[in-house]
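Chemist: predicted model and sequence below, questions to follow.
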Amino acid sequence: MHEMSIAMSIVESVAERARQEGCERVTGIEIVVGRLSGVQVESLRFCFDAATRGTPVEGAELSIEDREPSGACDACGAEFPVAGFHACCPVCGLFRVRIVSGEELAVKTITIE
Ligand SMILES: [Zn+2]
């Protein structure tokens with residue numbers, strides 16, 4: 001499952017960070033998931049629980065920021081929220097929109113003990 005491998009790599013990198021800080025336990029993780037990242041938030045949440053078992057991240061509270069995608073028009077420079085990859089500029093009407101955010105999947109903050 002796609003989300004399972006994502007959850008495991010998040011847990012791994014967070015556990016590694018905690019180890020570097022000399023901490024035993026991670027109590028909270030905040031991640032940002034862009035809506036165009038292709039990641040199902042509910043599925044990720046479910047997998048996260050399984051992925052943390054037996055790690056310093058077990059029991060950590062996961063908060064997910066579901067980020068709305070935005071695009072910028074290469075023709076007129078306008079920036080606006082978009083629903084998908086093939087967006088049309090609401091200002092000039094051209095299909096020359098570049099996705100500027102919404103594809104990200106990143107750990108924003110971690111809380112350690
Ligand atoms: Zn435009």
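Modeler: Cool, got the structure. Only a predicted model underlies this, so the values are computations on that prediction, with no experimental measurement involved. Numbers count the residues shown, from 1 in each chain.

Chemist: apart from its neighbours in sequence, what residue is nearest the residue of the chain positioned farthest from its centre?
Modeler: The outermost residue of the chain relative to its centre, with distances by Cα atoms, centre = their mean, is residue 92 at 30.6 Å. Among residues not flanking residue 92 along the chain, residue 76 sits closest, at 4.4 Å (Cβ to Cβ, 6 or more residues apart in numbering). From N, CA and C alone the C-beta is placed, and that goes for glycine too.

Chemist: for residue 17, see how far away the one you found is.
Modeler: 42 Å (Cβ to Cβ, to the nearest Å).

Chemist: please say which of these two ends up with more neighbours.
Modeler: residue 17 (15 against 12; other Cβ atoms under 10 Å).

Chemist: what comes up buried for the helix or strand where residue 32 lies?
Modeler: Counting by DSSP states H and E, the element that carries residue 32 is strand 26-34. By 16 or more other Cβ atoms under 10 Å, the buried positions in strand 26-34 come out as 26, 29, 31, 32, 33, 34.

Chemist: okay, now the sheet partners of that strand, with direction.
Modeler: strand 61-67 (parallel), strand 105-112 (antiparallel) (DSSP bridges).

Chemist: between the ones you listed, which gets nearest to residue 47?
Modeler: With Cβ to Cβ, the closest approach to residue 47 among the strands paired with strand 26-34 belongs to strand 61-67: 10.4 Å.

Chemist: who touches the closest one?
Modeler: Defining contact as Cβ atoms under 8 Å, 6 or more residues apart in numbering, one finds that strand 61-67 is touched by 27-35, 41, 44-45, 48, 101-102, 104, 108, 111.

Chemist: going by neighbour count, which residues of that strand are buried?
Modeler: 62, 64, 67.

Chemist: how about the strands in the chain?
Modeler: For the chain, the strands defined by DSSP state E occupy 26-34, 61-67, 70-73, 79-81, 97-101, 105-112.
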